[in-house]
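Task: produce atomic coordinates for the following.
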Amino acid sequence: MSRAGAYDPAPATVERIETHASFVFLAGDFAYKIKRSVKLPFLDFSTLEKRHKACLNELRLNRRTAPEVYLEVVPLARDAGGTLSLRGDGETVEWVLVMRRFGQEHLYDRMAREGRLSIVAMGETALEIAALHRSADRILTIDQAVLPLEKIIAEHEDVLKGCVPGIVPQDLAEDLVRRTRSAFERLGPLLKRRARTGFVRHCHGDLHLRNIVEIDGRPVLFDALEFNDSLATIDVLYDLAFLLMDLGKHGLGVHANAVLNSYLDDGGTGNLAGLAALPLFLSLRAVIRGKVELLRAKLTALSDANSAQEEARDYLRFGASVSRSRLPSLIAVGGLSGSGKSTLARAIAPRIGTFPGAVIVRSDAERKRLFGVAPTARLPERAYTQEISDLVYALCRKRAALVLEAGRSVIVDAVHARPAEREAIAAVAQDHGAAFAGLWFDAPAEVLTERVTDRVGDVSDATADVVREQLAYDLGPMAFDRIDASGSVAVVVERCLNRLRD
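This next block holds a predicted model:
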């Protein structure tokens, strides 16, 4: 396979890459992957039949999201003269997974390092993940959902308890062990309930930035975990948590918040209760990466070992930080159409509450969901009667309550023009023992009109005529803090954060 003559047509060069489980040959526009004949604690490729099955499984799983990359599984055959060839006649000596190559500059981890990963791209990625999760196979038993997680936690405890204090501070290791075990025991009923209601599925399993690539301007998920189905049959939020953790580790908290909110906004309310398990899931993902770095530290030269040890400490510190609870907040943002509510909600959400920030509940999105239409589809006037609006606001309050019950902070983005609407959303915070802040965004009429006129592809249906109607509203007593929203986003965000700190 290292010879150019083994391929038709023959490439100019062949590059060979080795991993603990496979050999990959890069030849021309294609990559050819052969499983190693190995048996490890977490995989078994010890026979040709098992390697064939693994190749077919990898092809099947990855064609769910990357059919343009994963093409086919073909035999590597030896003819009577002893010559090896792909798709040839004779005895099959190996099975080869054929993939189409892509430019490494389009990998998300590289784009993240180079500052080229956009918020828009992450929102689109979240929708791809949500689509995968919707179509993925559900588990058969509750034990399949909980026992693998319990095993992972037990393995974490063994590793953390055995850490050399000079590598990982003992108090950090002990804190992680205690918090992880406590969270798992507390969340056991929720995890089982989520399994029963379909939130545990055959997911990607290895969903980090290095396994996402931009092809033809869209995100493509690839390299799904194929060698152990039980490791990939997990809660969908545990699958998502790997990407969120990776973004957080890269210092991309804003991107992580965009992923979480786009993912949640693409579904109903089912995943909101599951947010109670997100700190545990994030912490487990961080500890897994920390374990990998600790193993690398043992197997590499001194300079690399020191780097790996520091990486391990960083991952474990991150795992500890995301597992710490904080009193959740409910922030209600209000203002006439064009006042910048949604833009400002997205801007402040990553900085509210614990990582990856606040969940955003938007009345415009709830209205579209209520009518079963796409977010950018325009609704008829009958969708904006007072009766429908009352129902939409009630749905927003219900969604916010679910987020607070899960221990997460939430921002409710709606006009909130009527005193009763403002009082009702404040009552949700009070009923759940959450901190509350109400922000009312003011801007001149010409600014409001210009902003709604310039919108493209937005979920809001507001027009200049709607703004003129709203300007005639009697807002009544204003208990929300008034914010001048006529400046730049950065300036107004700082005004909001200063007000929230007071």
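
how about stretch 256-272: buried residues?
Residues of stretch 256-272 classed as buried: 256-266, 271-272 (neighbour count, 16 or more other CB atoms under 10 Å). Every residue, glycine included, has its C-beta placed from N, CA and C.

Give me the neighbour count for P444.
Using other CB atoms under 10 Å, P444 has 11 other residues around it.

still on that earlier bit, any chance of the buried residues of stretch 256-272 in TSV with pLDDT, distance to G353 and secondary structure as columns?
As requested, those are exported to TSV (pLDDT from 0 to 100; distance: CB to CB, whole Å; DSSP: H, G, I helix; E, B strand; the rest coil):
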residue	pLDDT	distance to G353	secondary structure
A256	98	13	helix
N257	98	10	helix
A258	98	15	helix
V259	98	16	helix
L260	98	11	helix
N261	97	13	helix
S262	96	18	helix
Y263	96	17	helix
L264	96	14	helix
D265	91	17	helix
D266	86	21	coil
N271	87	17	helix
L272	95	14	helix
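
doesn't P75 make contact with L48?
No: between L48 and P75 there is no contact under CB atoms under 8 Å: 10.2 Å.

list residues touching both of those two?
T92, E94, W95 (CB atoms under 8 Å, 6 or more residues apart in numbering).

quick one: which of these sit in strands?
Filtering these for membership in strands, criterion DSSP state E, returns T92, E94, W95.

Just the buried ones out of those residues, please.
Buried residues within these, counting neighbours by 16+ other CB under 10 Å: E94, W95.

related to what we said a few turns ago, who has more neighbours out of L48 and P75?
Counted by other CB under 10 Å, L48 and P75 do not tie: P75 has more neighbours, with 18 against 14.

Just the pLDDT for the more buried one.
pLDDT for P75: 95.

wait, doesn't it sit right on V96?
Yes: applying CB under 8 Å as the test, P75 and V96 come out as touching, 7.3 Å apart.

quick one: the nearest residue to H133 once chain neighbours are set aside from Y263, how far?
Of all residues not flanking H133 in the chain, V236 sits nearest, at 4.4 Å (CB to CB, 6 or more residues apart in numbering). The span separating V236 from Y263 equals 9 Å under the rule CB to CB, to the nearest Å.

what touches both of those two?
Joint contacts of V236 and Y263 (CB under 8 Å, 6+ apart) are N271.

about what we covered before: distance to L71 for the buried residues of stretch 256-272 - can I get that in CSV?
Compiled in CSV, those are given as follows (distance: CB to CB, whole Å):
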residue, distance to L71
A256, 33
N257, 36
A258, 32
V259, 29
L260, 33
N261, 35
S262, 30
Y263, 29
L264, 34
D265, 34
D266, 29
N271, 34
L272, 39
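
List just the nearest of these to Q386.
Nearest to Q386 out of the buried residues of stretch 256-272 is D265 (CB to CB; 24.9 Å).

I figured the closest one hits K368, correct?
No: using CB under 8 Å, D265 is not in contact with K368, being 10.0 Å away.

shared neighbours of those two, anything?
Residues touching both D265 and K368 (CB under 8 Å, 6+ apart): P375.

sorry, back to before: relative to R399, how far out is the residue nearest to H133?
To R399, V236 is 18 Å away according to CB to CB.

just I215 next, same as before
Distance of I215 to R399, computed by CB to CB: 34 Å.

quick one, which of these two is more surrounded?
Neighbours per residue, other CB under 10 Å: of I215 and R399, the larger number sits with R399, 23 against 15.

Give me the pLDDT value at the more buried one.
At R399, pLDDT is 97.

Spit out the contact partners of the residue nearest to H133.
Applying CB under 8 Å, 6+ apart, the residues contacting V236 are H133, A136, F199, V200, R201, C203, N271.

switch the cut-off to 7 Å
Shown in contact with V236 (CB atoms under 7 Å, 6 or more residues apart in numbering): H133, F199, R201, C203.

Next: G438.
Contacts of G438 (CB under 7 Å, 6+ apart): A332, G334, R422, A426, A479, F480, D481.

Residue ranges of each domain in the chain, please.
As assigned by automatic domain parsing, the chain contains the domains 4-101, 108-322, 329-501.

Format the CA atom coordinates belonging to the helix or strand harbouring L127 as CSV.
Per DSSP states H and E, L127 falls inside helix 119-135. This file holds the C-alpha atoms of helix 119-135, laid out as CSV (Å, rounded to 0.1, in the frame of the first residue of the first chain):
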residue,chain,number,x,y,z
ILE,A,119,-20.2,31.9,15.2
VAL,A,120,-22.5,31.3,12.2
ALA,A,121,-20.6,28.1,11.4
MET,A,122,-21.0,26.8,14.9
GLY,A,123,-24.7,27.5,14.8
GLU,A,124,-24.9,25.5,11.5
THR,A,125,-22.8,22.7,13.1
ALA,A,126,-25.3,22.5,16.0
LEU,A,127,-28.1,21.9,13.5
GLU,A,128,-26.1,19.1,11.9
ILE,A,129,-25.6,17.5,15.3
ALA,A,130,-29.3,17.8,16.1
ALA,A,131,-30.2,16.2,12.8
LEU,A,132,-27.8,13.3,13.5
HIS,A,133,-29.3,12.8,17.0
ARG,A,134,-32.9,12.8,15.7
SER,A,135,-32.1,10.1,13.1
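
after that helix comes which helix or strand?
helix 143-161.

Quick check: which helices or strands does that following helix pack against?
Packing partners of helix 143-161 (3 or more CB pairs under 7 Å, 6 or more residues apart in numbering; DSSP states H and E): helix 170-196, helix 278-299.

F227 is nearest to which of those?
Closest to F227 of the helices and strands packed on helix 143-161 is helix 278-299 (CB to CB; 15.7 Å).

which other helices and strands contact the closest one?
On a contact count with 3+ CB pairs under 7 Å, 6+ apart, helix 278-299 meets helix 143-161, helix 170-196, helix 236-249, helix 302-322.

Looking at these, which one is packed in the most?
Burial of those is given as mean neighbour count (mean count of other CB atoms under 10 Å); helix 236-249 ranks first at a mean of 25.

Distance from it to the middle of the chain?
Chain-centre distance of helix 236-249: 5 Å, with CA atoms, centre = their mean, to the nearest Å.

That helix to helix 170-196, inter-axis angle?
Counting by axes from the mean of the first three to the mean of the last three CA atoms, to 10 degrees, helix 236-249 lies at 140 degrees to helix 170-196.

so where's the protein shaky on pLDDT?
Along the chain, segments meeting pLDDT under 70 span 140-145, 161-166, 268-269, 299-303.

Could you rerun that using 80?
Applying pLDDT under 80 to the chain picks out residues 1-9, 20, 41-42, 139-148, 155-168, 267-270, 294-305, 456, 502.
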